[in-house]
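J.: Next one to model:
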Amino acid sequence: MQDERTGQTAVIFVSQRTEEDDVGYHAAAEAMVTLAAEQPGYRGIASVRDGGGLGITVSYWADDASARAWRDHPEHCRIREAGRGRWYARYTIDVATITRGYGWTR
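T.: Numbering: from 1, shown residues only. Okay, the predicted model is just below:
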């Protein structure tokens, strides 16, 4: 089975949420998912968050240039700054090129 993600760029965002402004956070997160999906090179997203606020979001891009364009998008920059001020205690971002992948479905 050929992995459809091979060669794509993955942006791995690991974050710790604050307890501030849940309504604003969820509205901003939904807006960012919608906006990202409209960008050239967007290939998908997967996201989880535990009950303690630790989250992992992986966005997939056709290439590094597409991922960088998303990073630099003016609305994304604006929301990122709001997140630093209100919604996140900390986060890390790692960017990787996918060389292979595996899956299993029952």
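J.: which secondary structure element contains the spatially closest residue to Tyr88 that is not a sequence neighbour?
T.: Nearest non-adjacent residue to Tyr88, counting by CB to CB, 6 or more residues apart in numbering: Ser15, 5.3 Å away. In short, each C-beta sits where N, CA and C put it, glycine included. Here Ser15, judged by DSSP states H and E, is contained in strand 9-17.
J.: Packing partners of the lengthiest helix in the chain?
T.: When the chain is scanned for its longest helix (criterion: DSSP state H), the result is helix 22-37. Helix 22-37 makes packing contacts with strand 42-49, helix 74-82 when contacts are defined by 3 or more CB pairs under 8 Å, 6 or more residues apart in numbering; DSSP states H and E.
J.: Can you name the residues that contact Asp72?
T.: Asp72 is in contact with no residue at all, counting by CB atoms under 8 Å, 6 or more residues apart in numbering.
J.: let me redo that: Glu20
T.: Going by CB under 8 Å, 6+ apart, Glu20 touches 86-87.
J.: Could you pull up phi and psi at it?
T.: phi -80, psi 140 (degrees, to the nearest 10).
J.: so how far is Glu75 from it?
T.: 21 Å (CB to CB, to the nearest Å).
J.: Quick one: mean pLDDT over the longest helix of the chain.
T.: If you average the pLDDT over helix 22-37, you get 96.
J.: got the angle for it vs strand 9-17?
T.: 180 degrees (axes from the mean of the first three to the mean of the last three CA atoms, to 10 degrees).
J.: As CSV, could you dump the C-alpha coordinates of helix 22-37?
T.: Extracted C-alpha coordinates of helix 22-37, given in CSV (Å, rounded to 0.1, in the frame of the first residue of the first chain):
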residue,chain,number,x,y,z
ASP,A,22,-12.7,28.8,25.9
VAL,A,23,-15.3,30.3,23.6
GLY,A,24,-12.8,32.6,21.9
TYR,A,25,-10.3,29.7,21.6
HIS,A,26,-12.8,27.4,19.9
ALA,A,27,-14.0,30.1,17.5
ALA,A,28,-10.4,30.9,16.6
ALA,A,29,-9.4,27.3,16.2
GLU,A,30,-12.4,26.6,13.9
ALA,A,31,-11.6,29.7,11.8
MET,A,32,-8.0,28.6,11.5
VAL,A,33,-8.9,25.1,10.3
THR,A,34,-11.3,26.6,7.7
LEU,A,35,-8.7,29.1,6.5
ALA,A,36,-5.9,26.6,6.4
ALA,A,37,-8.0,24.3,4.2
